[in-house]
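Visitor: sequence-free structure coming up:
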């Protein structure tokens, strides 16, 4: 509930820019409401932390009353902002300030008895003081570490032996069964990444199925490992057959994680070739009946619980991050707590996240851990292991600071088993109002959001999915049990409503009353059915659609959404393809985040888009080559991020003000860079993509003043190769990541890039450089850690000692002329990944691995895709 008050306070803060224009009485009530809400928020936080079972019902009654009042106040504030904008833009209707004063006074009168409520006051006074700012805690700034498996080593070895066994007459299915939280996915992942499996199965595919699966998505996930072809016109049966064709040509391991029903297995089986020795399927499922249905040999593998010893070791690792043992003052209580978790890994991991936050100060550690031990014991005695797991997650949630709770519960809006993009998630959090400025800390909202994510990972509530080449997290996942907790808790808090249809054969029935009252709506399936019923959400702030395949809608759909959900702040509908732009969109005055797919006739956003005064993020998924923004970047005063694969052309006026907030501009047309006006108005840009005929930019100096730019991508779409390149002094001074594509430069211009002082990642794609010889000299690329070359006619590559001294990762693909990989890279190189390259290049890579071993330079992780 305190979160809802926090959102309202943020709204008042956003409206502070208008306070000077308020009537005197309205200004007085405005400032008074702000003070009252800050006091109410503090009381609610303390009271919520102090309530026990006996008074919980009484607290929930008050909470619901406060929530209703706060939401009404939020609606009023949003309506005021709309009308204030109308006045500023000289629209046809006027706002009467006296109404605001009266309404604000009315809300303050309603809040007054709540502030004096004896129940809340007594509850809050009983609460011990605790920090609500995890970022300031020293321990929590420790770097993230990749999870290791404690226990199950014997289980993993047995399963690996089964996977490697080639005796089966067709595609063999190995299954892992067990209850939620037992570690099935973790064990399957360790098998999937084992070097022996990587060697035996050149093609390895991981498919997350879950209860909410779509067979079409499964087939497409298989196919994307072989081709980038567009399959949108194929039926599901055709996709299954196409998957079967590709799989029959390779030796594969297909992991299907979290299969719930026999029907789901039958649909997966349609994509499998029945050829001896072609591949294996590793399946995880909670239901042994599903495993028995799919299996022939060997029998389903029932995953055991951890032993007391293994559980204690896992808890110790989760709390202290090592396997060397407990500190002397923690071992006894640590063993007692782990024993009470009953050998359930997820329970131990979640409890570890709680204990980790209670290590300091040492003098209170034992008492605090004893409290956790007592509550864990209570949960173990009250129910079975499934119910225990839910209560342990609730215990962990109770220790989460209020600044993180909204962020954590928000994971429930996403479909089960979805890999959640970190970039998207953090921008959604900001738009939703979950991320606040940290007083006294020089951090952007984006940095605070990433810190919040890291906090949830350290608490073991969120799992890392994929990382980029610099080790930064790209995607996240949450365990199904934790996601279910988020969903149920958010429902209790009235945070969002989910729209889905569990079974295809069931009718789609929309709960109109709930839609009318919902603040956030997340659509997991049948988005078209939802729109066709023309729902109205007058109080809805967020509309999100995560349908598993793209939805084509009527041209009027965008207009219908704007009319039905007039208070929207977040419109995340990238799975819905809108044929055209509709001018009604500008009536969504509070919009902060918009992500959608555009059709062939949706070619631009008009100048009027500048009326969306709160807009922070624009993401357009389009197949068009160019997309026009008929607005000056300086008119979008709060815009922080623009992303699309098209080349964006901005309309620019030289006298327009700068945009100090813009951080991401991907991709900008080369034409919009020529005179430097657009980039001169974005001084704090951090990520830039440029696409078009790059010939016009060879003499430009517009990039070198972008002092905060660290990531840059340049894509040349001209048929003419670049005859020269930018001088190194014309690049941004703090550039760390650079991607070049289709530039067809002569290799001698690599010396220019070799002079960039901070460059760590370099990606060369689609013949970025042309020619058969590249020589690197001493001192080139002093800071480069990752080099990616995809599609090149390079033949002879030589590297002098002293160049690339920090290179640890090399990726080579479609280098069909390359004779060899320079042996001088062996000392620092840790990973070498090779796709379509020559036999002699592969042979040189193997020699490099032996060279490292001989000289005791460590192990080279060599990934070679066979058959290429």
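Guide: Perfect, thanks for sending it. Quick caveat: nothing in here was measured; it's all calculated off a predicted structure.

Visitor: wait, what's in contact with residue 571?
Guide: Residue 571 sits next to 542-543, 561, 588, 591, 593-596 when contact means CB atoms under 8 Å, 6 or more residues apart in numbering. Using the backbone N, CA and C atoms, a C-beta is placed for each residue, glycine as well.

Visitor: Could you pull out the helices in the stretch 751-868 of the chain for me?
Guide: 839-854 (DSSP state H, counting those that start in this stretch).

Visitor: Which one of the contacts of residue 571 is nearest to residue 772?
Guide: residue 595 (43.6 Å; CB to CB).

Visitor: Make TSV from the contacts of residue 571 and add secondary structure to it.
Guide: Formatted as TSV, the contacts of residue 571 follow (DSSP: H, G, I helix; E, B strand; the rest coil):
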residue	secondary structure
542	strand
543	strand
561	helix
588	coil
591	coil
593	strand
594	strand
595	strand
596	strand
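
Visitor: Can you turn the buried subset of the residues you listed into a selection I can paste into ChimeraX?
Guide: Of the contacts of residue 571, the buried ones can be selected in ChimeraX as follows, counting by 16 or more other CB atoms under 10 Å:
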select :542,543,561,588,591,593,594,595,596
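
Visitor: Give the burial count for residue 734, as a bare number.
Guide: Residue 734 is flanked by 14 other residues according to other CB atoms under 10 Å.

Visitor: Over to it. Which of the three states is it?
Guide: Three-state assignment for residue 734 (three-state DSSP): coil.

Visitor: got a list of what it touches?
Guide: Residue 734 neighbours (CB under 8 Å, 6+ apart): 707-710, 758.

Visitor: Tell me the buried residues within these.
Guide: Using 16+ other CB under 10 Å as the burial test, these include 709-710 as buried.

Visitor: which residues of the stretch 451-600 of the chain fall in strands?
Guide: For the stretch 451-600 of the chain, strands defined by DSSP state E, counting those that start in this stretch occupy the ranges 463-464, 475-477, 497-499, 520-523, 542-545, 551-552, 570-578, 593-598.

Visitor: For these, which has the smallest mean pLDDT value?
Guide: Ranked by mean pLDDT, the strands of the stretch 451-600 of the chain end with strand 551-552 in last place, scoring a mean of 77.

Visitor: which other helices and strands contact that one?
Guide: When contacts are defined as 3 or more CB pairs under 8 Å, 6 or more residues apart in numbering; DSSP states H and E, strand 551-552 sits against strand 570-578.

Visitor: what angle separates the strand it packs on from strand 593-598?
Guide: 0 degrees (axes from the mean of the first three to the mean of the last three CA atoms, to 10 degrees).

Visitor: and the nearest residue to residue 348 once chain neighbours are set aside, how many neighbours?
Guide: Nearest in space to residue 348, with sequence neighbours left out and distances taken as CB to CB, 6 or more residues apart in numbering, is residue 341 at 4.7 Å. Neighbours of residue 341 under the rule other CB under 10 Å: 29.

Visitor: circling back: export the strands of the stretch 451-600 of the chain to a markdown table and tack on distance to residue 730?
Guide: Formatted as a markdown table, the strands of the stretch 451-600 of the chain follow (distance: least, CB to CB, whole Å):
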| stretch | distance to residue 730 |
| --- | --- |
| strand 463-464 | 37 |
| strand 475-477 | 35 |
| strand 497-499 | 51 |
| strand 520-523 | 46 |
| strand 542-545 | 42 |
| strand 551-552 | 44 |
| strand 570-578 | 35 |
| strand 593-598 | 33 |
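
Visitor: Residue 253 is nearest to which of the ones you listed?
Guide: strand 475-477 (20.1 Å).

Visitor: partner strands of the closest one, parallel or antiparallel?
Guide: Strand 475-477 has the following sheet partners, assigned by DSSP bridges: strand 420-421 (antiparallel), strand 463-464 (antiparallel).
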